[in-house]
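Engineer: okay, here's the prediction I keep looking at, along with the sequence it came from:
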Amino acid sequence: MSDSLIPRRAALNLLNAVTVDHRLLSECTAIFDPLSPPDRARAQRLATSVLRAASRADRWLKPHLKKRPPVQVQNALRLGVVEIAEGAAPHGVVNDIVTLLADGKRTANFAALANAVLRKGADLPQQWGKLALPQLPDWLREPLREAWGNSAINAIERAHFRGAPLDLTIPRDTADWAARLGGLVLPTGSVRLDGHGMVSTLPGFAEGAWWVQDAAAALPVRLLGDLRGQRALDICAAPGGKTMQLASAGAEVTALDLSANRLQRVAENLARTNLNATIVQGDALEFTTTGWDVIVLDAPCSATGTIRRHPDLPFARDGAEIGSLIALQAQMIDHALRLLNPGGRLLFCTCSLLPDEGEVQVEEALARHPGLRVIPPELPEIEADWISPEGGVRLRPDYWPSLGGMDGFYMAVLCAP
């Protein structure tokens, strides 16, 4: 067995889990478990690269196929096309794809087809960039086009196709750590790395000098300013990025989440970074402790703002859950406001590109709660065109194109009456 066959087999299994079973990659840990860390990392990279470029691979494949094969076979062909297009040795790729198909009872009859088709891809590296840019599925593309316009949606799709670098939140000695890591300090204070290896092997990880957090996700807590001595509740806290930000800013933090398993990750992150927070497992809508100066509600949402890092989402989801998520977000806003001290602040945010999960939620909350107001964002690094009409901050993947983009995010600080 070639050294590359193991991660390629795992990558193909991941692709099938996402496109056939409609599972997110984060739900496919059993596929990763038998792999060594390097093979796990390579399988993940291969799967995400193929998902990001699937429609472009399909476009190249179409003239070479009389009819579209079963999806498991199409995924194997996609894997071969993308690898060859990205510069992998064609001979090794073709041999492994043929072997993977030949080993499957339902795919063995397609091994010869794969061999014939993929051997036509010698010029793929030269032709790849001339093929059409992959588009979002209609269930997401149409509402985004309506919200932001054709030019913006095209730019967002370009950002998705480029993927995402690694962003770090470094609460102390940021410039020194950025230099040590070879990273760029972004305008909002996050540090961005390109071409990194395994995160756990980077300088500063073991001693807890930083944590991974997209620059867009790191911005909401910064809107809250000085937090020293304030009682802060982080609702839906896992995996803990905002909890750690609150704690490092001097707040007295309670991290609340429904999932005990995900809270274990919060505890591990707090221990590694030597930060303190009280951890509570439970349903946010049943949590009744009052007296909070600050509540952070990073609400459950469609996660459509994270597609440049999670290209599996458009394949694993079809938008059917968005209506129930919007209703849940409104419930959680109303409940969180009841827990605040008078004059307390609610930071509402979602990693969504859909206005219904951001701007509209705040507009409707203001209508439901007389006296509730939005505190204008005052950070100098926030650009004027990021501020939306109701007073929140809207971030999109096509922002900062020369710096590598950012996740889609919405955030607003609401002041209770």
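Structural biologist: Sure, I can see it.
Engineer: quick one: low-confidence ranges for the chain?
Structural biologist: Residues of the chain meeting the criterion pLDDT under 70: 1-2.
Engineer: let's see that with 90 instead.
Structural biologist: For the chain, residues meeting the criterion pLDDT under 90 lie at 1-4, 29, 32-34, 37-38, 194-198, 200.
Engineer: residue nearest the centroid of it?
Structural biologist: The chain has Thr306 as the residue nearest its centroid, 3.3 Å off, counting by CA atoms, centre = their mean.
Engineer: any idea how far that residue lies from Leu395?
Structural biologist: Taking CB to CB, to the nearest Å as the measure, Thr306 and Leu395 are separated by 12 Å. C-betas here are computed from N, CA, C, even on glycine.
Engineer: what of Leu263?
Structural biologist: From Leu263 to Leu395 the distance is 27 Å (CB to CB).
Engineer: could you do Glu86 as well?
Structural biologist: According to CB to CB, Glu86 and Leu395 sit 29 Å apart.
Engineer: show me what counts as buried in the longest strand along the chain.
Structural biologist: Secondary structure of the chain per DSSP state E: the longest strand is strand 340-350. Across strand 340-350, burial judged by 16 or more other CB atoms under 10 Å covers Leu340, Gly344, Arg345, Leu346, Leu347, Phe348, Cys349, Thr350.
Engineer: farthest-apart pair in the residues you listed, please.
Structural biologist: Gly344 and Thr350 (20.2 Å; CB to CB).
Engineer: what helix or strand is the closest residue to Ile6 other than its chain neighbours located in?
Structural biologist: Nearest residue to Ile6 in three dimensions, chain neighbours excluded: Asp39, at 5.3 Å (CB to CB, 6 or more residues apart in numbering). If you go by DSSP states H and E, Asp39 is part of helix 37-61.
Engineer: now that helix, how far from the centre of its chain.
Structural biologist: 16 Å (CA atoms, centre = their mean, to the nearest Å).
Engineer: send the alpha carbons of the following helix or strand past that helix over as CSV?
Structural biologist: Next helix or strand after helix 37-61 toward the C-terminus (DSSP H and E): helix 71-85. Provided in CSV are the C-alpha atoms of helix 71-85 (Å, rounded to 0.1, in the frame of the first residue of the first chain):
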residue,chain,number,x,y,z
VAL,A,71,-21.9,9.9,-6.3
GLN,A,72,-19.3,7.7,-4.6
VAL,A,73,-17.5,7.3,-7.9
GLN,A,74,-17.9,11.0,-8.7
ASN,A,75,-16.3,11.8,-5.4
ALA,A,76,-13.3,9.6,-6.2
LEU,A,77,-13.0,11.3,-9.6
ARG,A,78,-13.3,14.7,-8.0
LEU,A,79,-10.5,13.8,-5.5
GLY,A,80,-8.2,12.7,-8.4
VAL,A,81,-9.0,15.9,-10.5
VAL,A,82,-8.4,18.3,-7.6
GLU,A,83,-5.1,16.6,-6.6
ILE,A,84,-3.8,16.6,-10.1
ALA,A,85,-4.9,20.2,-10.6
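Engineer: now tell me what touches helix 71-85 from outside.
Structural biologist: The contact list for helix 71-85, computed with CB atoms under 8 Å, 6 or more residues apart in numbering, reads 8, 11-12, 15-16, 19-20, 46, 49-50, 53-54, 57-58, 60-61, 68-69, 90, 93-94, 97, 100-101, 104, 106-107, 110, 113-114, 117-118, 121, 124-125, 127-128.
Engineer: give me that answer again for 6 Å
Structural biologist: Under the criterion CB atoms under 6 Å, 6 or more residues apart in numbering, residues 12, 15-16, 19-20, 49-50, 53-54, 57, 60-61, 90, 93, 97, 100-101, 107, 110, 118, 121, 124-125, 128 lie in contact with helix 71-85.
Engineer: make a ChimeraX selection of the buried ones in those.
Structural biologist: Those of the contacts of helix 71-85 that count as buried under 16+ other CB under 10 Å are selected in ChimeraX with:
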select :12,15,16,19,49,50,53,54,57,60,61,90,93,97,100,101,107,110,118,121,124,128
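Engineer: got the angle for the next helix-or-strand element following the longest strand of the chain vs strand 340-350?
Structural biologist: Where DSSP H and E defines the elements, the next helix or strand beyond strand 340-350 is helix 359-368. Calculated by axes from the mean of the first three to the mean of the last three CA atoms, to 10 degrees, helix 359-368 forms an angle of 160 degrees with strand 340-350.
Engineer: got the buried residues for the helix or strand following helix 359-368?
Structural biologist: Counting by DSSP H and E, the element after helix 359-368 in chain order, helix or strand, is strand 373-375. Neighbour counts using 16+ other CB under 10 Å place Val374, Ile375 of strand 373-375 among the buried residues.
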